[in-house]
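Novice: What would the 3D arrangement of this be:
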Amino acid sequence: MIATNDFRRVDTESLSDWTLKRQPRRWQLIALHKWRERHRGIVAVVTGGGKTMFALQCMVSLRETRPACRVLIVVPTIALLDQWHAALTEELGILETDITAMGAGSRKRLDGRIVLAVLNSARVAVPKLTEHGEWFLIVDECHRVASATPERQYDNWFEEFIVPALGPVIFRYTYEQALHDKVISEFDLWNIRVPMTPEEDQEIQRINMAIARELQKLNKQGLLESARLQRLLLKRSRCSQAIVSRIHATVELTNKARGKRGIIFHEFTRSADRIAELLKKHGHRVRVYHSRLGPPTRYENLRLFVAGQIDVLVTCRALDEGLDVPSTEFGIIAASTTSLRQRIQRLGRVLRPAAKKPRALVMTLHALPSEAENLRRESTRLADITHVRWFEALPQ
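Specialist: Have a look, this model is predicted:
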């Protein structure tokens, strides 16, 4: 989206040369043509399909006709800010002196032709920053602005707030299209039911009874939701995520994938630490990446995985966005929320194509009937493009 205020011409000879190193993919050319009609709009593309490269193509296109226009790129996480910084310099040849980064305490200056801002920093600084001049706004993972996915699961915030600000969805690129074009790798899905201890089962049943009573009460009142219902659903989800057999099943599955590179997702940092501890005992080269680690340790562990010096990275939500390691061969979703957006992001971490990677494998652990039902719906939707298998983990 372009916000035009005072248009100021600059000496284009003084600007660094922006040259894309890669040729556009077919879908990017089509989407770029649609975007040029109004210079605004939302592109909904499967994770790994090349959204960042498309945005860079838009920047090059706009610069040809509006050289004075500055670019504001808003991202939801520090990991994505770092990835964008690398893409701007490595893929487009933008000079470091032309980039301003805002987030995690990094705000050296505000005069860069390209301003990278984490969402929370942007809320504070951007209104004043964009008072003058002409700006081109790029919002990566724009659903996060309203904590949504396009066609959000529970409400219409996307249509109410995102579309008016950024424009309508002008192009879509699906799993089916990306697989056909070999933009993502072929993949298999394994869904594994994990058992509960008698104590865990008893707690889940107790919460289910409370949910049933609350639903009955709401039905009598002609209502669909309540704060209490949301709390009970969250409590049940947390109990399911904490089921101890998820840890043991994850270790066993990783043992079977020994020698391959993979990412393991959990919702709890203590569980991630425990998985990594057990995997080390089994001889795996493994590190963790989550918010409770200090920045130097976190960055070093990520660097080791990207460089191929470790085989397994155990993480929580910190890497749902912002990681691009095409050689990742398997992913284990040991515990997750019910968010469709989160699942799509985690699938995308594994589906980047790479040499000597004919197929990727995503393994998802589930315990509750509601979790299984979500996976069945996904299986139906993806039935034409992947092979889905169902397993049960044995009790320890």
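Novice: For the rest of this, base every contact and every neighbour count on C-alpha atoms.
Specialist: OK.
Novice: Please look at Ala393 and Arg193 and confirm they touch.
Specialist: Yes. Under the criterion of CA atoms under 8 Å, Ala393 is in contact with Arg193, at a separation of 6.0 Å.
Novice: Who has more neighbours out of those two?
Specialist: Per other CA atoms under 10 Å, whichever of Ala393 and Arg193 has more neighbours is Arg193, with 22 against 17.
Novice: can I assume the more buried one is in contact with Ala367?
Specialist: Yes. If you go by CA under 8 Å, Arg193 and Ala367 touch, sitting 5.4 Å apart.
Novice: Name the helix or strand for Glu378, please.
Specialist: Take DSSP states H and E as the rule and Glu378 turns out to sit in helix 369-381.
Novice: Would you map the helices across the chain?
Specialist: Ranges of helices in the chain, per DSSP state H, are 26-36, 51-65, 78-90, 119-129, 157, 163-166, 175-180, 198-221, 227-241, 245-256, 269-281, 295-306, 340-348, 369-381.
Novice: May I see the buried residues of the longest one?
Specialist: When you say that, I think you mean helix 198-221. Buried residues in helix 198-221, defined by neighbour count with 16 or more other CA atoms under 10 Å: 200-201, 204, 207, 210-211, 214-215.
Novice: what would those residues look like in CSV with pLDDT and distance to Ala87?
Specialist: Converted to CSV, these look like this (pLDDT from 0 to 100; distance: CA to CA, whole Å):
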residue, pLDDT, distance to Ala87
Glu200, 96, 46
Asp201, 96, 47
Ile204, 96, 46
Ile207, 96, 47
Ala210, 96, 50
Ile211, 95, 47
Glu214, 94, 50
Leu215, 94, 49
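Novice: Now for those residues: which two are most distant?
Specialist: For the buried residues of helix 198-221, the farthest-apart pair by CA to CA is Glu200 and Leu215; their separation is 22.6 Å.
Novice: Domain boundaries for this structure, per the record?
Specialist: What automatic domain parsing lists as the domains of the chain is 2-178, 185-196+244-392, 198-242.
Novice: Please identify the deepest-packed of those.
Specialist: domain 185-196+244-392 (a mean of 18; mean count of other CA atoms under 10 Å).
Novice: Val169 touches Val43, doesn't it?
Specialist: Yes. A contact is recorded between Val169 and Val43 when judged using CA under 8 Å, the distance being 5.8 Å.
Novice: Relative to Val314, which of the helices of the chain is closest?
Specialist: Distance to Val314, taken as CA to CA, is lowest for helix 269-281 among the helices of the chain, at 5.9 Å.
Novice: Just the angle for the closest one relative to helix 227-241, thanks.
Specialist: 10 degrees (axes from the mean of the first three to the mean of the last three CA atoms, to 10 degrees).
Novice: State the mean pLDDT of stretch 236-243.
Specialist: Confidence over stretch 236-243 (mean pLDDT, whole number) is 94.
Novice: swap that for stretch 47-57, please
Specialist: Averaging pLDDT along stretch 47-57 gives 86.
Novice: ok, Glu64 to Gln57 distance?
Specialist: Plainly put, Glu64 is 11 Å away from Gln57 if you go by CA to CA, to the nearest Å.
Novice: sorry, that was for Glu90
Specialist: Relative to Gln57, Glu90 is positioned 14 Å away (CA to CA).
Novice: cool, Leu394 as well?
Specialist: 50 Å.
Novice: ditto for Arg66
Specialist: 14 Å.
Novice: Next: Leu224.
Specialist: Computed as CA to CA, the Leu224 to Gln57 distance reads 45 Å.
Novice: repeat for Thr315
Specialist: When Thr315 is compared with Gln57 (using CA to CA), they lie 32 Å apart.
Novice: which residues touch the closest residue in space to Ala335 that isn't next to it in sequence?
Specialist: Nearest-residue entry for Ala335: His266, 4.7 Å, with adjacent residues in sequence omitted and distances by CA to CA, 6 or more residues apart in numbering. When the contact criterion is CA atoms under 8 Å, 6 or more residues apart in numbering, the partners of His266 are 272, 314-317, 333-336.
Novice: out of the residues you listed, which are inside strands?
Specialist: 314-315, 333 (DSSP state E).
Novice: can I get those residues in JSON lines with pLDDT?
Specialist: JSON lines is the format used below for these (pLDDT from 0 to 100):
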{"residue": "Val314", "pLDDT": "94"}
{"residue": "Thr315", "pLDDT": "88"}
{"residue": "Ile333", "pLDDT": "92"}
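Novice: what's the closest of those residues to His85?
Specialist: For those, the residue nearest His85 by CA to CA is Thr315; the value is 22.3 Å.
Novice: show me what contacts the closest one?
Specialist: Under the criterion of CA under 8 Å, 6+ apart, the contact list for Thr315 reads 263-266, 269, 272, 288-290.
Novice: Low-confidence bits of the stretch 1-150 of the chain, can you list those?
Specialist: Across the stretch 1-150 of the chain, the stretches falling below the confidence threshold (pLDDT under 70) are 1-16, 103-110, 143-150.
Novice: quick one: the helix holding Glu378 to helix 227-241, angle?
Specialist: Angle, helix 369-381 to helix 227-241, by the same axes, to 10 degrees: 80 degrees.
Novice: Mind exporting the C-alpha coordinates of helix 369-381 to CSV?
Specialist: Once non-C-alpha atoms are left out, helix 369-381 reads as follows in CSV (Å, rounded to 0.1, in the frame of the first residue of the first chain):
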residue,chain,number,x,y,z
PRO,A,369,-10.7,-36.5,19.5
SER,A,370,-11.0,-32.8,18.6
GLU,A,371,-7.3,-32.8,17.5
ALA,A,372,-7.9,-36.0,15.4
GLU,A,373,-10.9,-34.4,13.8
ASN,A,374,-8.9,-31.4,12.7
LEU,A,375,-6.3,-33.6,11.2
ARG,A,376,-9.0,-35.7,9.4
ARG,A,377,-10.4,-32.5,7.8
GLU,A,378,-6.9,-31.6,6.7
SER,A,379,-6.4,-35.1,5.3
THR,A,380,-9.5,-34.7,3.2
ARG,A,381,-8.4,-31.3,1.9
